[in-house]
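> Mind folding the following:
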Amino acid sequence: MTDPEDMMPPLKWRELEAVFHQLAPTETKKRMVRHLIEGTRKQAAFLTPTAVMTELAYIAAAMLDSNFCPSEQEAGTSEAFWSSSASPPQRPGS
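The predicted model follows:
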């Protein structure tokens, strides 16, 4: 049996999207949130819980990164949105 203190409370994807939407400081980033959360939700069935949490941490980091300023084109429906799988982040020099 799993100790309830070791578990995170259940959270719906819509609730999670609302949290990230509040984190996004610009309208452009706010528009990106829906696409990023939806992509993560679609991939979640194929990922471990830890991998899902890692993806969510990446989204949070992107929303809070003051140096990350996506263009309007990147915030809208793009090629990345229609992609069926996400690519892991690349390390510099790889």
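> lowest average confidence, helix or strand, in this structure?
Each helix and strand of the chain was given a mean pLDDT (mean pLDDT, DSSP states H and E); the minimum falls on helix 79-82 at a mean of 45.
> Spatially central residue for the chain, please.
With distances taken as Cα atoms, centre = their mean, I59 lies nearest the centre of the chain, 3.7 Å away.
> show me what contacts it?
Taking Cβ atoms under 8 Å, 6 or more residues apart in numbering as the criterion, I59 is in contact with F20, V33, L36, I37, T40. For the C-beta atoms, the positions are set from N, CA and C on the backbone; glycine is no exception.
> Switch those residues over to a markdown table; also include neighbour count, secondary structure and distance to A51.
Conversion of the contacts of I59 to a markdown table gives the following (neighbours: other Cβ atoms under 10 Å; DSSP: H, G, I helix; E, B strand; the rest coil; distance: Cβ to Cβ, whole Å):
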| residue | neighbour count | secondary structure | distance to A51 |
| --- | --- | --- | --- |
| F20 | 21 | helix | 18 |
| V33 | 22 | helix | 20 |
| L36 | 22 | helix | 15 |
| I37 | 21 | helix | 15 |
| T40 | 21 | helix | 10 |
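> and which of those residues is nearest to E55?
Within the set of the contacts of I59, T40 lies nearest E55; the separation is 4.8 Å, counting by Cβ to Cβ.
> Perfect, I'm done here.
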